[in-house]
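A.B. asks: Would you be able to build a 3D model of this:
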Amino acid sequence: MVFDVARVRAAYPALGEGFVHFDGAGGTQTARPVIDAVATAMGAAVGNRSTAFEPGRRSLELVAAARSAVADLLGAQPAGVVLGPSATALTYTLARTLGAGWRPGDEVVVSRLDHDANVRPWVQAAEAAGATVRWAEFDPATGELPAGQYEELVTARTRLVAVTAGSNATGTVPDVPAIAKTAHAAGALVCVDGVHAVPHGPTDLASLGADFLVTSAYKWSGPHLAAMAADPARWAALRPAKLLPSSDAVPDRFEYGTPSFPLLAGVTAAVDHLATLDPDATGSRRERVRAGLAAAQAHEEIVFARLLAGLAEHPAVTVYGSPARRCPTVSFRVAGAAPAETAAGLGAAGFCLSSGDYYAYEYFEAMGLRASGGAVRASVYHYNTVDEVDRLLAELDRLAGGGERMAR
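C.D. replies: Sure, this is the predicted structure:
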């Protein structure tokens, strides 16, 4: 199919303000159906969860619908979807729960390529238990995370391997299935950070080999909520710290406090929106979501290829990482300018890009870039266009004092 980006862009009211958003890795703009669903839920009579009265039953339905929607997005079971305020909060809950069973001599394996939300909770849980932390290293030239190193890192004492499905700094897509296979052969669990990868293509919990997979809805056109998926039986074996009166059912026992029912309505609407990205798709919502994200991925690859080519040929730009498989995300610096200065200059011209370490703390420390400001990050989402890329590259020319470049 031909990806109708004009039709897609029309679903995002914020794009009408005229800013150019290359900051999807930090959070996408919100789709109109999501805004409408949240507003409708906020305007309706919704009580706390109860079967005794209709507004209480509505809240139960909103929670169930959100679990079902996320399950269709990730290829999971609704009963295995834990909902929460953020990927960081959910990972901390899991790390504290698993870590309570670790002992001195146990090991966890984390990666220097990961967002700190899939590093620090595990490091701190290991420290609390007296367990050992082992580090997977990335190739500083390419940004690749070699899967072969896990053969030596994972031992019979490894309790958990934490790895990203897509780097939010370099876009690197590691061979997670191979890493998970190595971990499982040693009896270890695998927690996959899917926050950056899930928005950019079809995702399947089982194919990844993930025991736990976390994602954030605001990275795929939704509200600021997150979810972690696992086999319901996996959750049932875990006993988190919780309030005595709160539900001990799975997955409820991992969810603290009363959820935001209107935002959960937005989660469901966001998945439904993704299912419309390929208007020719048919079948179940799961099938339509996969088709929609596949179509979006093909469009993003075209836009991102233009961006990478333009950055690579710019004499004043240094690009970090060249992984073979990547999400449409790139970090770079402009010679003679601090990353924050570049981002501010682009921002003054209406371009939205992140700068700093974007919580990829270990990556920028290992690269020796964090103390001097990290880098500038450009990330492509399915509402971005080739024309926006060309405008961004022209503005980079102006900021770098490079004048007009030769036609690409």
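
A.B. asks: Show the pLDDT at Val2.
C.D. replies: Per-residue confidence (pLDDT) for Val2: 85.

A.B. asks: Sorry, slip of the keys, the one I care about is Leu353.
C.D. replies: You'll see Leu353 listed with a pLDDT of 98.

A.B. asks: measure it to Tyr381 for me?
C.D. replies: Here the criterion is CB to CB, to the nearest Å. By it, Leu353 lies 13 Å from Tyr381. C-betas here are computed from N, CA, C, even on glycine.

A.B. asks: What spatial separation is found between the residue located most distally from the centre of the chain and Ser246?
C.D. replies: Distance from the centre of the chain peaks at Ala52, with 37.6 Å (CA atoms, centre = their mean). According to CB to CB, Ala52 and Ser246 sit 18 Å apart.

A.B. asks: Could you do Ala65 as well?
C.D. replies: 21 Å.

A.B. asks: about what we covered before: any idea what the residue farthest from the centre of the chain is structurally, helix, strand or coil?
C.D. replies: The three-state label given to Ala52 by DSSP: H, G, I helix; E, B strand; the rest coil is coil.

A.B. asks: quick one: it and Ala41, what's the gap?
C.D. replies: For Ala52 relative to Ala41 (CB to CB), the value is 20 Å.

A.B. asks: Where do the strands of this structure begin and end?
C.D. replies: In the chain, the strands defined using DSSP state E lie at 20-21, 81-84, 107-111, 132-136, 158-164, 189-193, 212-216, 226-229, 317-320, 329-334, 351-352, 354-356, 375-379.

A.B. asks: how about low-confidence regions in the protein?
C.D. replies: 402-408 (pLDDT under 70).

A.B. asks: hmm, try it at 80
C.D. replies: Along the chain, segments meeting pLDDT under 80 span 1, 401-408.

A.B. asks: Residue ranges of each domain in it, please.
C.D. replies: Split into domains by automatic domain parsing, the chain comes to 5-31+285-400, 34-274.

A.B. asks: The lengthiest helix in the chain packs against which elements?
C.D. replies: Ranked by residue count, the top helix of the chain under DSSP state H comes out as helix 285-312. Applying 3 or more CB pairs under 8 Å, 6 or more residues apart in numbering; DSSP states H and E, one finds that helix 285-312 contacts helix 54-74, helix 261-274, strand 317-320, strand 329-334, helix 386-400.

A.B. asks: repeat that for 10 Å
C.D. replies: helix 5-9, helix 54-74, helix 261-274, strand 317-320, strand 329-334, strand 375-379, helix 386-400 (3 or more CB pairs under 10 Å, 6 or more residues apart in numbering; DSSP states H and E).

A.B. asks: With mean neighbour count as extra columns, can I get these in TSV?
C.D. replies: Below are the helices and strands packed on helix 285-312 laid out as TSV (neighbours: other CB atoms under 10 Å):
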stretch	mean neighbour count
helix 5-9	15
helix 54-74	21
helix 261-274	26
strand 317-320	18
strand 329-334	25
strand 375-379	27
helix 386-400	18
